[in-house]
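Visitor: using only what follows, build the 3D model:
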Amino acid sequence: MNALLYVLVALTWGSSFFFAKIGLEGLAPQQVATVRTVLGAVTLVVVLLATRRRWPRDRRLWAHLFVVAVFLNAVPSSLMAWAEQTVPSGLASIYNATTPIMTLLALAVLVPTERLSRRQVGGIVLGVVGVLVLVGPWDVLGDPEVLASVPGQVALLGMTASYGIGLAWLRRSAVGGGIDPTTVATVQLTLAAALMLLVAPVIAAGPVQLDWRIGGAMVALGAVGTGLAYAWNTRLVGAWGAGRASTVTYLTPVVGVALGVLVLGEPLRWNEPVGGLVVLLGIALASGLLGARRRTAPAPTGESPAVAGR
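Guide: Model (predicted):
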């Protein structure tokens with residue numbers, strides 16, 4: 001069951017960049033971010049009520065989930081939508097693959113028991129090299145279009161850094177322990193939606209142009225890619241841990257690039273798949289898939305010895 005959820009999350013999150021790009025044809029970036037979050041929250045609230053689950057009463061839990069909502073929903077969805085004004089959806093999905101590296105760094109800072117080994121540091125350095133290849137600094141000065149996309153690419157790194165902080169906070173606060181994952185995801189998205197609706201009159205105002213294509217893309221992005229997928233991912237975090245669950249981003253670039261190139265006709269520079277591959281190699285090294293020594297004892301809680309928890 002967890003393996004199936006893993007594949008579903010990869011497919012839905014990989015296509016999120018594609019649907020967001022379509023949404024931007026008729027909506028402003030913050031409108032896309034707000035609509036997807038609200039639709040995701042409404043979807044999970046319906047699931048919560050239909051299955052007769054109860055809202056948690058622990059105020060401490062709500063406080064932790066507010067932090068998670070900010071860093072896993074409100075901030076990254078806003079940065080993603082803003083970035084895709086200038087960055088192709090396929091390239092955005094490749095940048096999303098840096099999430100495990102950002103998670104490792106955030107875990108090292110926020111979780112005292114998590115310390116980076118030499119292998120992990122080497123993997124992170126290799127991941128940074130991959131990001132530099134992705135940017136293609138040799139093209140920045142010579143190609144105005146590439147230069148214009150640099151702020152968006154930086155915003156995408158901010159997006160994955162925000163994911164890393166949110167996932168590390170999940171690990172630190174252990175909010176998934178003994179609590180139904182769907183309930184956790186519902187509270188998280190409801191808090192994020194409330195926050196974004198609160199600021200929407202200030203930062204999400206503007207004209208709206210909707211047709212069946214844009215509307216369908218937003219429903220797919222919000223109800224499935226944000227709502228159901230977050231419930232699936234929360235269940236994976238509880239079952240597999242943050243580090244192992246975050247490797248779903250290995251697959252999202254494949255889905256995102258394929259949709260961008262085949263459906264939207266986006267160009268693909270040679271350095272983008274190469275840089276993405278270097279990033280994935282760095283993640284594999286940092287997570288212990290490459291160069292790991294045999295251990296005489298199993299890793300705690302059955303997780304990878306390189307990363308404990310997402």
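Visitor: please work out how many residues are found near Arg119.
Guide: Residues contacting Arg119 under the criterion other Cβ atoms under 10 Å number 18. All C-beta spots, glycine's among them, are computed from the backbone N, C-alpha and C.
Visitor: against Gly26, how distant is Val202?
Guide: Here Val202 is placed at a distance of 21 Å from Gly26 (Cβ to Cβ, to the nearest Å).
Visitor: how far out from the middle of the chain is stretch 118-138?
Guide: 19 Å (Cα atoms, centre = their mean, to the nearest Å).
Visitor: quick one: the helices in the stretch 101-250 of the chain?
Guide: Counting by DSSP state H, counting those that start in this stretch, one finds helices in the stretch 101-250 of the chain at the ranges 118-135, 137-140, 144-173, 181-203, 212-219, 229-240, 242-245.
Visitor: so for the next helix or strand after the last one, what gets flagged as buried?
Guide: Proceeding C-terminally, helix 242-245 gives way to helix 252-262 as the next helix or strand, assigned by DSSP states H and E. When burial is assessed from 16 or more other Cβ atoms under 10 Å, helix 252-262 yields the following buried residues: Thr252, Pro253, Val254, Val255, Gly256, Val257, Leu259, Gly260.
Visitor: and the fifth one, what's its pLDDT?
Guide: We have a pLDDT of 92 for Gly256.
Visitor: residues in contact with it?
Guide: Taking Cβ atoms under 8 Å, 6 or more residues apart in numbering as the definition of contact, the neighbours of Gly256 are Gly14, Ser15, Ser16, Phe17, Phe18, Ser89, Gly90, Ala92, Ser93, Ile94, Asn96.
Visitor: leaving out the residues flanking it, which one is nearest to it?
Guide: Taking Cβ to Cβ, 6 or more residues apart in numbering as the measure, Gly256 lies nearest to Ser93, with 2.3 Å between them; neighbours along the chain are not counted.
Visitor: next, give phi and psi for that neighbour.
Guide: phi -70, psi -30 (degrees, to the nearest 10).
Visitor: ok, it touching Ala258?
Guide: No: with contacts counted by Cβ atoms under 8 Å, Ser93 stays clear of Ala258, the gap being 9.3 Å.
Visitor: quick one on the thing from earlier: relative to Val67, which of the helices of the stretch 101-250 of the chain is closest?
Guide: helix 144-173 (5.4 Å; Cβ to Cβ).
Visitor: just checking, what packs against that closest one?
Guide: Contact partners of helix 144-173 among helices and strands, from 3 or more Cβ pairs under 8 Å, 6 or more residues apart in numbering; DSSP states H and E: helix 59-69, helix 75-83, helix 89-95, helix 99-110, helix 118-135, helix 137-140, helix 242-245.
Visitor: mean pLDDT for these: which is lowest?
Guide: The minimum mean pLDDT among the helices and strands packed on helix 144-173 belongs to helix 242-245 (a mean of 68).
Visitor: so who does the residue nearest to Gly256 touch?
Guide: Residues touching Ser93, when contacts are defined by Cβ under 8 Å, 6+ apart, comprise Gly14, Phe17, Thr252, Pro253, Val255, Gly256, Val257, Gly260.
Visitor: please consider this matter closed, and thank you.
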